[in-house]
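Engineer: Have a look at this fold, sequence not included:
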C-alpha cells in the first residue's frame, strides 16, 4: 500500500494498527530495529543509527526503490528523536501546502516542538519549489527527510543536496523478504497456502519490493484454498507483475549502459539478459537497435565489419516482422556483437582526426590534389603534378596528400584482432612502398 499523504496532521503512533488495516500497515515496524534489509543505515554503525544515538537528526534524502521502507524509516526517526512528524506528497502538494507546513512548523517551534517534514517523491517538486525548502532547512524550522526513487544528483538542486545527507536504501534481499513473510504468517496465525517452490517464486516476483510482497501475501491469505498452490497455480492465481522500468529515468540509463558494457566485455549471456530486461519492460526496439549499432562501430569496428551489417539487417528484419518475431533478429545481433573480436581503433582514430581538424583550422590541401574545374585554377597550379594512382605500379603512387604546413599524422592504428590483423598487414605494405618511393 502506497504511503501518500495529503494533509499535515501528525501521524498516529506506529503501534496503533486496526485489525482491518492492510497487512503492510499492520506489519509496519514499531522501532528502527524492526526495519528489515537496511542495516547498513539503521544499524548502530549506520548513519541513522548514529544520529539516533546522538539524539540529533540532520536533514536527509532517502534514495531507494519502491517498497524498501523509506516512509517507515522517516516515521520512526521522528519518534526516536521526539520530533513532530508531518508528511506530504509532492504528487498532491504545491507551494500553498508547503507554506502552510512551514508556518505550522514555526508555530510549533515557538513552544519547543521541532518538526520532521517528510516529503515523499521529493524529486517531483520543480527546481523553484525545491529552492523554497532552503531557508526553512537552514534556520532549523524543519528537519527535512525527502524520499525519492530517482537519482538525487539528477533530480534535486545542488543547493538542497548540499544541506542534506543522501542515504541509499537497498532493494530487499531474499533474507529480508523471507522475514517479512514469516511476520505475515505470525500475524495471520497460519502459513501461506503455497508449496516451498511457489513461495520461492512469490519472493522472486517481488523484485526486492517488500510492500508488493505483502500485498500479494494478503491476497493469498484472503482466500480459502483446499491445497497449497504450486508455482504454476500461483502464476495463474496472481496477476503477472509488470517490470519496474522508467524509460526516461535512471533505470533506463543503467540498463542500456549494462547492455553496452556487456557487449564490450564479450559476455553474450549478460548482454542477452539486459536486452531481455529492457524489451520485456517495454523499451522501444528501435532504441535498442540504435545502441547495438553504436556498439558495432565503437567497440568492434573493422575487427569484424560484419557486425555493422548484422545490426542493419536486424533493423530491417524488425521493420519487416515487428514484435515479437522481429525481436529474435535483435537478439541475434546482440549475440553477434558480444562474440565478435573487439577493437575501438576506428573510434579512437575518429576522435584524434576530429581534434586535429579543429586545431589546424582551414589549411589547404597540397595544390596537386586540389579541384581544378576551371582554366584559371589550372593556370595557378591546381591539380598540377597529380599522380593518378592507377597509372602507377601496384596502383599506388606514394604521393603526399597532407597540407604543406602539416606533417603526416597517424590516427588509425589497427589491432591484431579479427579482420584488423589483415588491415594492419595492408597498411604496413603501403607504408613500405611509400617509404621506398619517397
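Structural biologist: Nice, I can see it. Here the structure is a predicted model, which means the values were calculated and not measured. Numbers count the residues shown, from 1 in each chain.

Engineer: On the three-state scheme, the closest residue to residue 370 other than its chain neighbours is what?
Structural biologist: Nearest residue to residue 370, sequence neighbours excluded (Cβ to Cβ, 6 or more residues apart in numbering): residue 382, at 4.4 Å. Using the backbone N, CA and C atoms, a C-beta is placed for each residue, glycine as well. Secondary structure, DSSP: H, G, I helix; E, B strand; the rest coil: residue 382 is coil.

Engineer: Give me the contacts around stretch 369-385.
Structural biologist: The contact list for stretch 369-385, computed with Cβ atoms under 8 Å, 6 or more residues apart in numbering, reads 364, 367-368, 386, 399, 401.

Engineer: before we move on, back to that, how many residues are close by the residue nearest to residue 370?
Structural biologist: 18 (other Cβ atoms under 10 Å).

Engineer: right, and residue 127 touches residue 157 too?
Structural biologist: Yes. Assessed by Cβ atoms under 8 Å, residue 127 is found in contact with residue 157 at 5.7 Å.

Engineer: So for those two, which residue has more residues nearby?
Structural biologist: Using other Cβ under 10 Å as the criterion, residue 127 and residue 157 rank with residue 157 on top: 18 against 12.

Engineer: Have a look at the chain and report its longest helix.
Structural biologist: Under DSSP state H, the helix in the chain containing the largest number of residues is helix 420-437.

Engineer: What residues sit buried inside the lowest-mean-pLDDT helix or strand in the chain?
Structural biologist: Sorted by mean pLDDT, DSSP states H and E, the helices and strands of the chain end with helix 231-237, the least confident at a mean of 83. By neighbour count on 16 or more other Cβ atoms under 10 Å, the buried set for helix 231-237 is 231, 233-234, 237.

Engineer: any idea how far that helix is from the chain center?
Structural biologist: 31 Å (Cα atoms, centre = their mean, to the nearest Å).

Engineer: What is it packed up against?
Structural biologist: Of the remaining helices and strands, those touching helix 231-237 by 3 or more Cβ pairs under 8 Å, 6 or more residues apart in numbering; DSSP states H and E are helix 196-206.

Engineer: Quick one: distance of the helix it packs on to the chain centre.
Structural biologist: Here the centre of helix 196-206 is set off from its chain's centre by 26 Å, with Cα atoms, centre = their mean.

Engineer: buried ones in that helix?
Structural biologist: Neighbour-count burial for helix 196-206 flags 198-199, 201-203, 205-206 (criterion: 16+ other Cβ under 10 Å).

Engineer: do the same with stretch 91-108
Structural biologist: Buried residues in stretch 91-108, counted by 16+ other Cβ under 10 Å: 93, 97-98, 101-102, 104-105, 108.

Engineer: quick check, nearest of those to residue 422?
Structural biologist: Using Cβ to Cβ, residue 93 comes nearest to residue 422 of the buried residues of stretch 91-108, at 65.0 Å.

Engineer: Checking my notes, that closest one in a helix, right?
Structural biologist: No. Residue 93 is assigned coil when assessed by three-state DSSP, not a helix.

Engineer: If I look at it, what pLDDT would I see?
Structural biologist: Note on residue 93: pLDDT of 77.

Engineer: Ramachandran angles for it?
Structural biologist: According to degrees, to the nearest 10, the main-chain angles of residue 93 amount to phi -110, psi 150.

Engineer: What distance do you get for it to residue 73?
Structural biologist: 20 Å (Cβ to Cβ, to the nearest Å).

Engineer: Then residue 312?
Structural biologist: Counting by Cβ to Cβ, the gap from residue 312 to residue 73 is 50 Å.

Engineer: neighbour-wise, which of the two wins?
Structural biologist: residue 73 (26 against 13).

Engineer: Residue 342: neighbour count?
Structural biologist: 23.

Engineer: Tell me who's in contact with it.
Structural biologist: With contact taken as Cβ under 8 Å, 6+ apart, residue 342 is in contact with 264, 266, 299-300, 303, 417.

Engineer: Which helix or strand contains it?
Structural biologist: Element membership for residue 342 (DSSP states H and E) is empty, with no helix or strand holding it.
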